[in-house]
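In: Kindly generate the corresponding structure for this input.
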Amino acid sequence: QVQLVESGGGLVQAGDSLRLSCAASGRTFSGYAMGWFRQAPGKEREFVAAISRRGYNSRYADSVKGRFTISRDNAKNTVFLQMNSLKFEDTAVYYCVADENYYAREYDYWGQGTQVTVSS
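Out: Residues are numbered from 1 along each chain as shown. Predicted structure coming up:
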């Protein structure tokens, strides 16, 4: 089992930046690809970003490419999501996820989520 706890959400204005963190515990952190999903009110959950086990590879949803950066610190069992130039449409609950497969569509482990609200 892997336990994931997100932090760093909040209320910001459009154009601001925010950094989300996700602390992992349980199994060996470096054995898992990590990622972020989000779910806006009334919408389906959507993929945001993912990073490979050692951080050499990353991929992003088109909607956040160039604005968001995913990174990880395997020594601290933590994954980050740096969000710049935030837009109103980035408002959502953001979930940290983990899976052994970097290209997974259905991740095995999920955090409880952290709310990000962007005011226009």
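In: do you know how far the closest residue to Gln13 other than its chain neighbours is from Thr91?
Out: Excluding the flanking residues, the one nearest Gln13 by CB to CB, 6 or more residues apart in numbering is Ser119, at 5.3 Å. All C-beta atoms are positioned from the backbone trio N, CA, C, and that covers glycine. According to CB to CB, to the nearest Å, Ser119 stands 9 Å off from Thr91.
In: Please apply the same query to Ser63.
Out: For Ser63, the distance to Thr91 - CB to CB - is 13 Å.
In: Which secondary structure element is home to the residue nearest the centre of the chain?
Out: The residue lying closest to the centre of the chain (CA atoms, centre = their mean) is Trp36, at 2.7 Å. Following DSSP states H and E, one finds Trp36 within strand 33-39.
In: outside of the helix or strand following that strand, which residues touch it?
Out: On the C-terminal side of strand 33-39, the nearest following helix or strand under DSSP H and E is strand 46-51. Applying CB atoms under 8 Å, 6 or more residues apart in numbering, the contact partners of strand 46-51 are 33-39, 57-61, 64, 68-72, 79, 81, 94, 102.
In: can you do 10 Å?
Out: Strand 46-51 is contacted by residues 20, 33-40, 57-61, 63-65, 68-72, 79-83, 90, 92, 94-95, 97, 99, 101-105, 107 when judged by CB atoms under 10 Å, 6 or more residues apart in numbering.
In: Filter these down to just the ones in strands.
Out: Using DSSP state E, the subset of these located in strands is 20, 33-39, 58-60, 68-72, 79-83, 92, 94-95, 97, 99.
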